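Novice: this is a predicted model, with the sequence first.
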Amino acid sequence: MKELNNENAFFNAEELITNAPDQDFDSCLKCDFNLKESELYDTYRVCSSCNFHFYIKPYDRLALLTDRASFVEFNQELTNVHEYTHDELPEYKKRTKSDVERTGLNDSVITGIGTMGGNSCVIILMDFSFMGGNLGLVSGEKISLAIDEAVSRKIPIVSIISSSGTRIEEGILSLMQMAKVTLSMANAKSKNIPSLSLLTNPCTGQAYITLATYSDIILSEPGASVGMSPLKDLKGDYGSVDFESRASDSMLKRGLIDSIVNRNQQKEQISRIIDLLNNNHKLVYENNESNKPNFSLSNLSIEERVKISLSDKRPSSSIFLKKVFENFFEIKGDRLLDNSDRIITGLAQLGSQTVMIVAQENINENNSIDGLKSSDFRKCSRAINLASRFNIPLITFIDTVGHNMTYNEEIKGIGTSLGETMLSMAQMSSPSISVLITRGGSEAALSLDISDRRLMLENAILVMGDNRDDKDSLNKPSIIGAKECKDLNIVDSVIPEPVGGIHMNPDECFSLLRKFLMIELAMLNKKSERSRFKDKYKKFRNISDFNNSYLYNLANEAIAAKGKITDYISKKISDRKRKIRKIQSE
């Protein structure tokens, strides 16, 4: 069985899309697998051996993605009013006529309204078979009209993109379509309309820049060529190009797309994401706050609690996400350089309400645990801002040794990235809850802890400082536990753990945490955005309130000491004045 590399398979597929889009294959272009009796290929045009995704005609793709008979196309008769481009370029006119006859399309874009899993959405499909699927006068106008329709109806935008390059024959007018689509997307974002893109092979050029990169969630088919410049242009300029670095798998690792989805799973995945982004349900708790569960905590010393918190058997954030929430969809990457496994972000449901999850995941690499990097904080900020824009509650899980203190991270701007995350948390417009599950290290922990409600597991610890210099006694880390944090009003509630720690019976703690989160979220749902911010502002301003028992005693000691000093100084001044008067009288 022959095996082509992805690059050769890609170029073969691109050539066939242009010249023979209707062709059926007896064997796979990539691995030569026999496709004659393949049900997966017959239905989805996917090789069941190597998972190579063949080109699929636009209306066939729409039939797979939308609910039966739900798609209604609009603006299909829109025509090019600037016919002078055809008069000046007869070859362009000839090619346009040929592509219209061959594909049955009037341009590279199909737009309409349909449902996916019962969710209404505006659909924009760009098809490579018509002049490379690039942006022209007609396609740009159809896209803008479709986005405007989504804004008018207040429904999500789903873009399926197979496009390459620029409609060079239409010159500056083609370029201006990018500005037109950009402004339409900016308007949709200002109205908080969700947008999702599905990138197919290839997805490059103007459509990638304007439609794909502006989307809130970006999905891709496996092995798709993704980027700004078409692969053929790069090969022409540089002679050879690493195709794998441009493939969707690589883009996922570099944090530029959120997920790679096989064609037979795309409808379910997209409809689930739309369900989550629509955020149609809210939790309601009818009891008063005073009726929240109240538990007695253990009498373990801080040393014993530290030992439990650092146990290798203690569950990580990823385990909490699986056990506490439903329908989790992971959002990957910082949309710039990296997708770190140290931060897990995604949409999920708690009860029936959509929540955004941002979780710190301690990863032990080469027997050492590194702190969070600048890309980690950018990934956090992206998820936080997305939740705030769609009024989706945010739940953060804190478990970190701190931030990465290397010089390399300093010059990458880790301070700026961390500060932006903290500011995003402070400006959250939707409800927010943080949970310290194991260890919170300094500023990195605080970056996800500026929330409306702050919870802490019974044996979790908060660490200030570090021990890089063992000889510096002033630099020893300060450790306080959950009970102490509660007494200092640093946290609102402490979640009890089973005897011996959460690892002894994790399901018991997962169930209790889920109950606490649902009650806290339901009570926050009752409050307005303004009321939540005022409460959060007051809480953090009053953490050092002298009514606090710990700080009260400390303050009394300071005041008493100050009083003694004042009395001593007053006595000395009085004595001095008395002596002066005595001298003067003599």
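Specialist: In hand now; what should we look at?
Novice: only C-alpha atoms for contact and neighbour calcs from this point on.
Specialist: Will do.
Novice: Ile172 sits in which helix or strand?
Specialist: Per DSSP states H and E: Ile172 is located in helix 171-190.
Novice: how about that helix: buried residues?
Specialist: Across helix 171-190, burial judged by 16 or more other C-alpha atoms under 10 Å covers Leu173, Ser174, Leu175, Gln177, Met178, Lys180, Val181, Thr182, Ser184, Met185, Ala188, Lys189.
Novice: and that helix, average pLDDT?
Specialist: In this model, helix 171-190 has a mean pLDDT of 91.
Novice: contacting residues around it?
Specialist: 135-137, 140-141, 143-144, 147-148, 150-151, 166-168, 206-207, 210-211, 214 (C-alpha atoms under 8 Å, 6 or more residues apart in numbering).
Novice: show me which of those are buried.
Specialist: For the contacts of helix 171-190, buried by 16+ other C-alpha under 10 Å: 135-137, 140-141, 143-144, 147-148, 150-151, 166-167, 206-207, 210-211, 214.
Novice: got the phi/psi numbers for Ile168?
Specialist: Dihedral pair for Ile168: phi -60, psi -30, per degrees, to the nearest 10.
Novice: gap between it and Ile193?
Specialist: According to C-alpha to C-alpha, to the nearest Å, Ile168 and Ile193 sit 31 Å apart.
Novice: do the same with Cys28
Specialist: 40 Å.
Novice: so who does Leu78 touch?
Specialist: By C-alpha under 8 Å, 6+ apart, the neighbours of Leu78 are Asn106, Val138, Lys142.
Novice: of the residues you listed, which is the most crowded?
Specialist: Lys142 (25 neighbours; other C-alpha atoms under 10 Å).
Novice: you'd agree that residue is up against Val109?
Specialist: Yes - here Lys142 lies in contact with Val109, judged by C-alpha atoms under 8 Å, at a distance of 7.2 Å.
Novice: tell me the one of the buried residues of helix 171-190 nearest Phe533?
Specialist: For the buried residues of helix 171-190, the closest approach to Phe533 (C-alpha to C-alpha) belongs to Lys189, at 23.5 Å.
Novice: related to what we said a few turns ago, quick check: next helix or strand after the helix holding Ile172?
Specialist: Taking DSSP H and E, what comes next after helix 171-190 is strand 195-203.
Novice: got the contact list for the helix or strand immediately after that following strand in the chain?
Specialist: Counting by DSSP H and E, the element after strand 195-203 in chain order, helix or strand, is helix 205-207. The contact list for helix 205-207, computed with C-alpha under 8 Å, 6+ apart, reads Asn134, Leu135, Ile161, Ser163, Ser164, Gly165, Thr166, Met178, Gly227, Met228, Ser229, Pro230.
Novice: now swap in stretch 101-110 and tell me
Specialist: Residues external to stretch 101-110 that are found in contact with it (C-alpha under 8 Å, 6+ apart): 73, 76-79, 99-100, 124-135, 138-139, 142-143.
Novice: and of the contacts of Leu78, the nearest to Ile302?
Specialist: Checking the contacts of Leu78 against Ile302 with C-alpha to C-alpha, the nearest one is Lys142 at 64.7 Å.
Novice: enumerate every residue touching the residue nearest to the spatial centre of the chain.
Specialist: Compute the mean C-alpha point of the chain, and by C-alpha atoms, centre = their mean the closest residue is Ala383, 3.6 Å away. Counting by C-alpha under 8 Å, 6+ apart, Ala383 touches Ile331, Thr345, Gly346, Met356, Ile357, Val358.
Novice: which residue ranges form the strands in the stretch 1-150 of the chain?
Specialist: 72-73, 109-116, 119-126 (DSSP state E, counting those that start in this stretch).
Novice: the shortest one pairs with which strands, parallel or anti?
Specialist: When sheet partners are counted by DSSP bridges, strand 72-73 sits next to strand 109-116 (antiparallel).
Novice: picking up where we left off before, which of the contacts of Leu78 fall within helices?
Specialist: Val138, Lys142 (DSSP state H).
Novice: tell me the one of the contacts of Leu78 nearest Pro315?
Specialist: Nearest to Pro315 out of the contacts of Leu78 is Lys142 (C-alpha to C-alpha; 50.5 Å).
Novice: Asp26 and Ser447, how far apart?
Specialist: For Asp26, the distance to Ser447 - C-alpha to C-alpha - is 56 Å.
Novice: and if you look at Asn408?
Specialist: 20 Å.
Novice: neighbour count for the two, which is higher?
Specialist: Ser447 (22 against 11).
Novice: what sits against the more buried one?
Specialist: Leu418, Gly419, Thr421, Met422, Met425.
Novice: what's the pLDDT at the closest residue to Gly117 other than its chain neighbours?
Specialist: Closest residue to Gly117 apart from its sequence neighbours, by C-alpha to C-alpha, 6 or more residues apart in numbering: Ser271 at 5.3 Å. pLDDT recorded at Ser271 is 96.
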